[in-house]
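A.B. asks: need coordinates for the following:
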Amino acid sequence: MCGAVAALAVACAFVVAQEKSVRPGINDPFQNPDVAKYAKTFEGESREVYVLRDKVVAACGLKKGAVVADIGAGTGLYTRLFAKAVGPDGQVFAVDIAPKFLEHVQKTSRDAELKNVTPVLCNFDSVDLPPKSVDVAFVCDTYHHFEFPEKTMLSLHRALKPGGRVIVIDFVREKGKSSDWTLNHVRAGQEVFEKEIASCAFKKVDEVKELLKDNYMVVFEKVDKRP
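C.D. replies: All right, here's what the predicted structure looks like:
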């Protein structure tokens with residue numbers, strides 16, 4: 001076990017030195033976001049993951065007292081739902097690169113009397129969470145925004161407890177099926193993203209089908225060794 005962890009640490013250090021951005025500039029709009037504008041977009045009836053938010057949360061299978069990381073929390077839609085789902089003995093890290101989003105999440109959580117939400121300002125290549133602190137990480141319509149997917153997923157691997165889960169929701173990207181916006185905005189489809197995630201010492205353990213149409217929802221589990 002120790003040898004596997006040491007090998008993973010060495011691999012992480014190598015990747016940190018080598019990986020380059022896979023999509024430079026994709027996160028520029030979040031340097032100084034108009035929070036009210038994004039709240040209407042992220043929490044609007046035209047967005048599938050908003051309309052089906054309660055079913056998505058139920059499909060996550062969260063336990064009372066669990067620690068959840070909402071990666072790319074945005075305006076905090078799922079952060080607040082998770083905070084209610086895990087109860088006062090649980091905790092939710094709202095992780096984002098935009099300070100304005102985190103200020104909004106903190107305010108709306110306080111207004112909703114949710115005391116188990118902790119905003120976390122992360123970097124473009126790391127979730128910046130304590131080692132082995134998280135039971136479940138939730139990445140909704142955010143993985144395609146990872147400029148440094150390998151670095152970011154390896155940092156998430158470190159943050160998860162043994163056997164911790166990563167739940168990924170992202171856009172279906174298929175020519176002839178997806179919108180032009182999706183084809184131009186999302187750099188790759190499900191198969192590519194799954195391979196990238198698996199290469200960072202994660203194993204796909206489930207896929208929630210027939211719930212979402214424009215998106216897919218897959219579940220990974222942390223393992224000790226990279227393939």
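
A.B. asks: from here on, contacts and neighbour counts on C-alpha atoms
C.D. replies: OK.

A.B. asks: any stretches of this structure with poor pLDDT?
C.D. replies: For the chain, the stretches flagged by pLDDT under 70 are 1-18.

A.B. asks: can you give me the strands in it?
C.D. replies: Assigned by DSSP state E, the chain shows strands spanning 67-71, 91-96, 117-121, 134-140, 160-171, 202-208, 215-222.

A.B. asks: redo those strands as a markdown table? Include mean neighbour count and distance to Asn32.
C.D. replies: Output for those, formatted as a markdown table (neighbours: other C-alpha atoms under 10 Å; distance: least, C-alpha to C-alpha, whole Å):
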| stretch | mean neighbour count | distance to Asn32 |
| --- | --- | --- |
| strand 67-71 | 27 | 18 |
| strand 91-96 | 26 | 13 |
| strand 117-121 | 21 | 14 |
| strand 134-140 | 23 | 21 |
| strand 160-171 | 22 | 24 |
| strand 202-208 | 16 | 33 |
| strand 215-222 | 20 | 27 |
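
A.B. asks: out of those strands, nearest to Arg187?
C.D. replies: For these, the distance to Arg187 is smallest for strand 160-171, at 10.3 Å, taking C-alpha to C-alpha.

A.B. asks: what's that closest one packed up against?
C.D. replies: Other elements packing on strand 160-171 under the criterion 3 or more C-alpha pairs under 8 Å, 6 or more residues apart in numbering; DSSP states H and E are strand 134-140, strand 215-222.

A.B. asks: turn these into CSV, columns for distance to Asp89.
C.D. replies: Listed next are the helices and strands packed on strand 160-171 as CSV, based on distance: least, C-alpha to C-alpha, whole Å:
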stretch, distance to Asp89
strand 134-140, 13
strand 215-222, 23
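
A.B. asks: mind checking which of those is nearest Gln106?
C.D. replies: When the helices and strands packed on strand 160-171 are compared by C-alpha to C-alpha, strand 134-140 sits nearest Gln106, at 18.2 Å.

A.B. asks: can you name the residues in contact with the closest one?
C.D. replies: 66-72, 156, 159-161, 163-170 (C-alpha atoms under 8 Å, 6 or more residues apart in numbering).

A.B. asks: and what of stretch 146-155?
C.D. replies: Residues outside stretch 146-155 that contact it (C-alpha under 8 Å, 6+ apart): 12, 15-16, 19-24, 26, 124-129, 143, 196-197, 200-201.

A.B. asks: let's have the strands of the chain in JSON lines, adding distance to Ala85.
C.D. replies: Below are the strands of the chain laid out as JSON lines (distance: least, C-alpha to C-alpha, whole Å):
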{"stretch": "strand 67-71", "distance to Ala85": "10"}
{"stretch": "strand 91-96", "distance to Ala85": "10"}
{"stretch": "strand 117-121", "distance to Ala85": "12"}
{"stretch": "strand 134-140", "distance to Ala85": "13"}
{"stretch": "strand 160-171", "distance to Ala85": "16"}
{"stretch": "strand 202-208", "distance to Ala85": "19"}
{"stretch": "strand 215-222", "distance to Ala85": "18"}
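
A.B. asks: which of these sits closest to Pro33?
C.D. replies: Closest to Pro33 of the strands of the chain is strand 91-96 (C-alpha to C-alpha; 12.1 Å).
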